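[1] sequence-free structure coming up:
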């Protein structure tokens, strides 16, 4: 049996940075899909005269959970610094999920969207707490 030498072992820090980049890319991609899903319903009704898909419900709640999962996984200070470059798009996606979920829950009574409201609020609170923690560590 051969043992792996340190030169043969993968650099764990580089591997973690790559995984973080994939996670950030996935959140951006899912946000883009959510926006397309949201706007395809009214567009299909105008172009084809009939609504092909109903307005988003349970899938919107699923979309809204992904930024919160990323925030939870990257809560370590070293990971949080790498995430800080993309924090704006993540914050805007959380706000958008929160507002859409709240509007359609209140106006149309789609109760499954409370998950999106809770996920958006929890993600924004998580960002606020981790930013505050980062500022306290820097001082």
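    In hand now; what should we look at? Since the structure is predicted, the reported quantities are computational estimates derived from the model, not experimental observations. Numbering: from 1, shown residues only.
[2] mind listing the helices for the protein?
    In the chain, the helices defined using DSSP state H lie at 12-48, 58-73, 77-83, 87-108, 114-138.
[3] mean pLDDT for those helices: which is lowest?
    Here the lowest mean pLDDT among the helices of the chain goes to helix 77-83, at a mean of 82.
[4] hmm, who's touching it?
    The contact list for helix 77-83 (CB atoms under 8 Å, 6 or more residues apart in numbering) reads 16-17, 20, 24, 70-71, 73-74, 90, 130, 133-134, 137. Placement of C-beta: from N, CA and C, glycine included.
[5] equivalent analysis for stretch 42-59, please.
    With contact meaning CB under 8 Å, 6+ apart, stretch 42-59 is reached by 34, 37-38, 40-41, 63, 100, 104, 108, 110, 112-113.
[6] drop anything exposed from these.
    If you count burial by 16 or more other CB atoms under 10 Å, the buried members of the contacts of stretch 42-59 come out as 34, 38, 63, 100, 104, 110, 113.
[7] of the helices of the chain, flag the one that's most buried.
    With neighbours defined as mean count of other CB atoms under 10 Å, these peak in mean count at helix 58-73, which reaches a mean of 20.
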